[in-house]
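Asker: Generate coordinates for the sequence data below:
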Amino acid sequence: MYSDYLKLLVKQHPRIHVLNNIVSSSFVADALLALGAGPVMGFDPRESAEITAASDGLCLNTGTPHRGIEESYLLSLEMAAERGIPVVLDCPGVGASALRMEIARDLLAVMRSGTPSWLRIVRGNGSEILSLAAGESRGGCIDSAHAAGEALEAGRSLLTCAEAVCISGRVNHIIHSGASSPVAGGSPLMAAASGFGCISTALMTAFLAVHRNLHTTPTASAASAARAAEGVCRLMADCAGGLGEVRTPGAYKSAFIDSLYKISETINMKQESPICHQSL
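Answerer: Next up, the predicted model:
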């Protein structure tokens, strides 16, 4: 399923406006480049809407809010709504402060006002999805205090804001049209290094940016395909270089970026994916 998206990414080279947190911006840019997308980091409110208008997708991650970028979030999202530019919204640690919650409420109001043809996904861990749905803290830390399965009902309530909701955890859940689909989670090493959640959001945005070219599939398919591609890359990273499981966070991050590049290159060369003889 993800192979169709990867072929389109290389062919179309979609431009992704990334309003990302400052912790993982470089990691996210490398991930998008490895797959064939073109990341643009435009944080200043004097240019954010203009950059969004010229992009094929908006990756909106509010993980490190500060003066200026708060305005950029809103301006870019409003431009995406006006132009129908696909967007994925991720609000890390939304329950950690009143500021984060206020920003999320404003952004969800814009998401809710969108037309049915506007492709949009909300992504977060269990605590973040519970907080977004309730409008108040259900766990203040970036690490979730709730399993993804505990947030299913909350996730369904957010379908008024987006066509699909992705809840991350040891088992991920992708919710659409009231239904939910479980998807395998990531490697334990992903929890030992920053940025893997941000990469999930960015990859979903890239897949969503080319999604309309697949016509018949629902928006949730883009989220599912992105998670499936991540799963393959996780297996490849686990056995990078044929030396067995990678056991350090830094090496794992590097191996994961390499795996994103290899999976895209392999599919576009119409060869079998090298996954160390493991299967999904």
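Asker: From residue 146, how far off is residue 130?
Answerer: 6 Å (CB to CB, to the nearest Å). Placement of C-beta: from N, CA and C, glycine included.
Asker: where are the low-confidence patches of the stretch 1-150 of the chain?
Answerer: Judged by pLDDT under 70, the stretch 1-150 of the chain has its weakly predicted residues at 137-145.
Asker: which residues in it form helices?
Answerer: When secondary structure is read from DSSP state H, counting those that start in this stretch, the stretch 1-150 of the chain shows helices at 2-12, 25-35, 48-53, 69-83, 98-112, 126-134.
Asker: quick revisit: which one's more surrounded, residue 130 and residue 146?
Answerer: Using other CB atoms under 10 Å, the more surrounded residue of residue 130 and residue 146 is residue 130, with 25 against 19.
Asker: Leaving out chain neighbours, which residue sits closest to the residue nearest the centre of the chain?
Answerer: Closest residue to the average C-alpha location of the chain: residue 201 at 1.1 Å, with CA atoms, centre = their mean. Nearest non-adjacent residue to residue 201, counting by CB to CB, 6 or more residues apart in numbering: residue 90, 4.1 Å away.
Asker: check contacts around the one you found.
Answerer: For residue 90, the contacting residues are 59-63, 122-124, 197-198, 201, by CB atoms under 8 Å, 6 or more residues apart in numbering.
Asker: Touching, residue 193 and residue 251? I think so.
Answerer: No - using CB atoms under 8 Å, residue 193 is not in contact with residue 251, being 9.8 Å away.
Asker: could you dump the helices of the stretch 1-150 of the chain to JSON lines with distance to residue 157?
Answerer: Below are the helices of the stretch 1-150 of the chain laid out as JSON lines (distance: least, CB to CB, whole Å):
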{"stretch": "helix 2-12", "distance to residue 157": "28"}
{"stretch": "helix 25-35", "distance to residue 157": "28"}
{"stretch": "helix 48-53", "distance to residue 157": "27"}
{"stretch": "helix 69-83", "distance to residue 157": "20"}
{"stretch": "helix 98-112", "distance to residue 157": "11"}
{"stretch": "helix 126-134", "distance to residue 157": "5"}
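Asker: what about residue 254, neighbour count?
Answerer: So residue 254, with other CB under 10 Å, has 15 neighbours.
Asker: Check what pLDDT it gets.
Answerer: The predicted structure scores residue 254 at 91 on the pLDDT scale.
Asker: The one 5 residues further on now?
Answerer: Here, the pLDDT recorded for residue 259 equals 93.
Asker: got it, and the one 5 residues further on?
Answerer: Per-residue confidence at residue 264 stands at 90 (pLDDT).
Asker: same deal with residue 268?
Answerer: On the pLDDT scale, residue 268 gets 78.
Asker: so it touches residue 4, yeah?
Answerer: No - contact criterion CB under 8 Å: residue 268 and residue 4 do not qualify, at 11.5 Å.
Asker: circling back: of the helices of the stretch 1-150 of the chain, flag the one that's most buried.
Answerer: Most buried of the helices of the stretch 1-150 of the chain, by mean neighbour count (mean count of other CB atoms under 10 Å): helix 126-134, with a mean of 25.
Asker: re the thing from before, give the contact list for the residue nearest to the centre of the chain.
Answerer: Residues in contact with residue 201, defined by CB under 8 Å, 6+ apart, are 59, 61, 88, 90, 123.
Asker: and the closest residue in space to the first one that isn't next to it in sequence, how many neighbours?
Answerer: Same thing as residue 59. Leaving aside its chain neighbours, residue 59 sits nearest to residue 205 (4.0 Å; criterion: CB to CB, 6+ apart). By other CB under 10 Å, 34 other residues sit near residue 205.
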